[in-house]
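*Asks:* sequence-free structure coming up:
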Ligand code: ADP
């Protein structure tokens with residue numbers, strides 16, 4: 001048994017045997033395998049001094065683990081001072097957890113003279129560290145074995161590796177187990193194609209594609225599918241082997257612009273790109289998908305990217321069904337509003353009709369005179385034509401409201417929109433003795449929308465206002481429009497009783513009504529229409545101060561060039 005004194009008196013190994021006193025001595029590194037342990041003295045030997053000063057943690061212990069030498073590197077790494085370490089039992093002091101039973105490791109060390117491995121150790125401050133160890137076996141003159149250990153703190157490297165491993169594991173799991181079709185694409189060949197374009201003086205891919213649409217297909221053919229997840233096999237109705245290869249087989253011509261835009265997004269260093277697109281299965285069936293593409297910075301230089309495709313056929317079908325039902329409901333509501341306006345409409349049509357009759361009679365009278373006054377006859381005819389046009393205008397407006405047409409989106413100026421709506425309710429307002437004030441500046445920005453639907457909203461709000469003011473002393477209806485931020489605000493304000501605060505929130509609920517014969521669908525449909533236009537509608541009312549319904553609609557953007 002090796003017993004070594006290190007300025008602490010004599011320390012016997014666990015199985016203390018013949019003790020030899022060596023003072024402050026450790027074995028020489030150069031003599032590990034062939035020289036006795038007492039050749040170096042820590043205080044007076046320069047090699048021992050050098051080992052002590054080394055940054056690397058170096059310790060020497062006997063075979064059982066008693067620490068004989070503990071340099072400054074050990075102090076720095078483990079946090080235990082030299083005094084505490086010397087003579088301590090290393091595995092216990094450092095709570096070492098070995099990768100295999102210590103007996104096995106010691107057996108290998110004895111057989112091969114060295115051992116390398118990673119252990120977990122507890123530092124003086126309680127933290128755990130992963131240490132990469134190298135052990136070398138030496139023997140002193142009395143053939144007692146000792147071990148020189150160098151250590152390296154690899155905690156950070158290991159936790160970074162672990163984090164990477166976990167993230168790769170997560171990624172693989174997500175890649176394969178998600179109900180999204182994932183594709184790993186290799187588009188490195190595109191770099192060569194872009195290089196060739198640059199050499200020909202092409203600076204904008206967008207412009208090049210606009211002039212040479214066939215280039216998109218070329219890019220598709222050059223982009224390769226290198227891996228797919230299980231969901232992709234199901235969605236694209238193919239085996240993995242069938243899916244690998246050029247990507248163009250899965251992109252019908254109508255989706256070329258999406259592929260081009262995704263490549264441009266990558267070139268513009270955007271982090272991701274998303275769009276709806278049409279896809280084609282291996283067998284040729286087409287379906288609607290949501291295409292997402294992300295461009296991780298680490299992947300891009302290798303020409304790799306990850307794309308996801310989600311089948312949205314059902315979602316689009318549900319959306320279409322919803323839009324159809326909403327349109328039908330809006331139409332039914334328009335018919336019902338027209339029903340409410342029957343008396344006004346009859347009056348609007350009747351007025352020009354009676355004017356036509358009056359003018360016709362007058363014309364006849366001028367004709368039947370002994371000397372017919374043809375100038376008067378012409379004037380009467382002109383008036384008749386004017387009145388007939390007025391009647392036909394009223395009927396035209398009613399027809400557009402009554403006809404069940406597809407919603408049409410167009411740029412609309414608010415002035416004419418308000419005017420047309422007012423014409424439909426004018427008589428209703430007169431009957432209820434309502435004074436109308438309209439303030440729509442001519443220079444308001446246009447909005448994008450369906451004329452009939454927006455007119456329906458205004459008519460609905462004005463009819464509601466007129467009805468609400470039925471018992472009010474002062475009956476004023478104000479329709480105002482103004483530019484507001486990025487949009488236009490249109491308000492319909494009355495001087496009726498207003499809406500109690502507790503009812504305000506329910507006004508837009510379907511079937512909410514306080515009227516005896518009311519259906520309670522008007523405001524709910526108004527909100528659906530306004531939201532479908534990207535806007536919002538709110539009701540504001542101070543008790544006793546009337547009610548105000550404010551529509552905010554986004555302004556129509558100036559016409560834009562196509563993306564690519
Ligand atoms: P309906 O007119 O069939 O009742 P609406 O959805 O158009 O359906 O209106 C719902 C309810 O909102 C009305 O019954 C009424 O109580 C309230 N309301 C609507 N507009 C006004 C208004 N200008 N002033 C006060 N209450 C209103």
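*Replies:* That came in fine, so what should we check first? Computed from a predicted structure; not experimentally measured.

*Asks:* ok, the closest residue to the ligand within the chain - how many residues close by?
*Replies:* Closest contact between the chain and the ligand, by CB to the nearest ligand atom, is at residue 522 (2.6 Å). No exception for glycine: its C-beta is placed from N, CA and C like everyone else's. Residue 522 is flanked by 25 other residues according to other CB atoms under 10 Å.

*Asks:* for whatever helix or strand residue 386 lives in, packing partners?
*Replies:* Assigned by DSSP states H and E, residue 386 belongs to helix 374-402. Contact here means 3 or more CB pairs under 8 Å, 6 or more residues apart in numbering; DSSP states H and E; on that basis helix 374-402 packs against helix 313-340, helix 342-368, helix 414-431, helix 451-468.

*Asks:* can you list the buried residues in the second one?
*Replies:* Neighbour-count burial for helix 342-368, with 16 or more other CB atoms under 10 Å as criterion, is recorded at 344, 345, 347, 348, 349, 352, 355, 356, 359, 362, 363, 366.

*Asks:* what of the last one?
*Replies:* When burial is assessed from 16+ other CB under 10 Å, helix 451-468 yields the following buried residues: 451-466, 468.

*Asks:* now swap in stretch 479-487 and tell me
*Replies:* 479, 480, 481, 487.

*Asks:* can you tell me the SS state at the nearest residue to the first one once chain neighbours are set aside?
*Replies:* Going back to what we said before, that points to residue 479. Using CB to CB, 6 or more residues apart in numbering and skipping the chain neighbours, the partner closest in space to residue 479 is residue 438 (4.9 Å). Under DSSP: H, G, I helix; E, B strand; the rest coil, the three-state class of residue 438 is strand.

*Asks:* how many residues are close by residue 307?
*Replies:* By other CB under 10 Å, 21 other residues sit near residue 307.

*Asks:* surely it touches residue 187?
*Replies:* No. Applying CB atoms under 8 Å, one finds residue 307 not in contact with residue 187, separated by 10.2 Å.

*Asks:* around the ligand, pick out the residues from the protein.
*Replies:* Contacts of the chain with the ligand, taken as CB under 6 Å from any ligand atom, map to 460, 464-465, 468, 494, 496, 499, 507, 512-515, 518-524, 547.

*Asks:* from those residues, which land in helices?
*Replies:* 460, 464, 465, 468, 522, 523, 524 (DSSP state H).

*Asks:* which one of those is nearest residue 127?
*Replies:* When these are ranked by distance to residue 127 (CB to CB), residue 524 comes first, at 63.0 Å.

*Asks:* which non-adjacent residue is nearest the closest one?
*Replies:* In space, and not counting its chain neighbours, residue 524 is closest to residue 510: 4.2 Å by CB to CB, 6+ apart.

*Asks:* equivalent analysis for residue 384, please.
*Replies:* residue 359 (4.5 Å).

*Asks:* got the contact list for the one you found?
*Replies:* 380, 381, 383, 384, 387 (CB atoms under 8 Å, 6 or more residues apart in numbering).

*Asks:* the fourth one and residue 353 touch, don't they?
*Replies:* No. With contact defined as CB under 8 Å, residue 384 and residue 353 do not form a contacting pair (10.5 Å).

*Asks:* so which of the buried residues of stretch 479-487 sit within strands?
*Replies:* 479, 480, 481, 487 (DSSP state E).

*Asks:* ok, the third one to residue 351 distance?
*Replies:* Same thing as residue 481. Going from residue 481 to residue 351 by CB to CB, to the nearest Å gives 28 Å.

*Asks:* just the second one next, same as before
*Replies:* Here residue 480 is placed at a distance of 28 Å from residue 351 (CB to CB).

*Asks:* sorry, back to before: buried ones among the contacts of residue 359?
*Replies:* The buried subset of these - by 16+ other CB under 10 Å - is 380, 383, 384, 387.

*Asks:* in TSV: those residues, plus pLDDT.
*Replies:* Shown next, in TSV, are the buried ones among the contacts of residue 359 (pLDDT from 0 to 100):
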residue	pLDDT
380	95
383	95
384	95
387	92
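
*Asks:* isn't the residue nearest to residue 524 right up against residue 519?
*Replies:* No. Taking contacts as CB under 8 Å, residue 510 lies outside contact range of residue 519: 9.3 Å.

*Asks:* hmm, residue 333 and the residue of the chain closest to the ligand touching each other?
*Replies:* Yes. Using CB under 8 Å, residue 522 makes contact with residue 333 at a distance of 6.3 Å.

*Asks:* who touches both of the two?
*Replies:* Common contacts of residue 522 and residue 333 (CB under 8 Å, 6+ apart): residue 460.

*Asks:* from the buried ones among the contacts of residue 359, pick the one nearest residue 222.
*Replies:* Checking these against residue 222 by CB to CB gives residue 387 as the nearest, at 70.1 Å.

*Asks:* my guess is the closest one contacts residue 357. True?
*Replies:* No. With contact defined as CB under 8 Å, residue 387 does not count as touching residue 357 (9.3 Å).

*Asks:* ok, residues contacting stretch 162-172?
*Replies:* By CB under 8 Å, 6+ apart, the list of residues contacting stretch 162-172 is empty.

*Asks:* buried sites along that stretch?
*Replies:* For stretch 162-172, it's none, nothing buried (16+ other CB under 10 Å).

*Asks:* check the separation of the first and last residues in stretch 202-221.
*Replies:* 21 Å (CA to CA, to the nearest Å).

*Asks:* contacts for it, please.
*Replies:* Applying CB under 8 Å, 6+ apart, the external contacts of stretch 202-221 come out as 187, 190, 193-194, 197, 246-248, 251, 256-257, 259-260, 263-264, 267, 563-564.

*Asks:* mind listing what's buried in it?
*Replies:* Within stretch 202-221, the residues that count as buried by 16+ other CB under 10 Å are 205, 208, 209, 215, 216, 219, 220.

*Asks:* if I look at residue 508, how far off is residue 453?
*Replies:* With CB to CB as the criterion, residue 508 and residue 453 are 16 Å apart.

*Asks:* run a quick neighbour tally on the residue nearest to residue 479.
*Replies:* Residue 438, neighbours per other CB under 10 Å, totals 13.

*Asks:* residue 542 reaches residue 498, doesn't it?
*Replies:* Yes. Using CB under 8 Å, residue 542 makes contact with residue 498 at a distance of 6.4 Å.

*Asks:* what about the two, which has more around it?
*Replies:* A count of neighbours by other CB under 10 Å puts residue 498 above the other of residue 542 and residue 498, at 21 against 11.

*Asks:* I figured that one hits residue 549, correct?
*Replies:* No. Look at residue 498 against residue 549 with CB under 8 Å: they stay out of range, at 11.7 Å.

*Asks:* so which elements touch the helix or strand encompassing residue 75?
*Replies:* Residue 75 belongs to helix 72-78 when assigned by DSSP H and E. Helices and strands touching helix 72-78, by 3+ CB pairs under 8 Å, 6+ apart, are strand 58-62, helix 82-85, strand 145-153.

*Asks:* Throw those into CSV and include mean pLDDT and mean neighbour count, thanks.
*Replies:* What follows is the helices and strands packed on helix 72-78, written out as CSV (pLDDT from 0 to 100; neighbours: other CB atoms under 10 Å):
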stretch, mean pLDDT, mean neighbour count
strand 58-62, 93, 23
helix 82-85, 92, 17
strand 145-153, 93, 20
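
*Asks:* that concludes my questions; thank you for your assistance.
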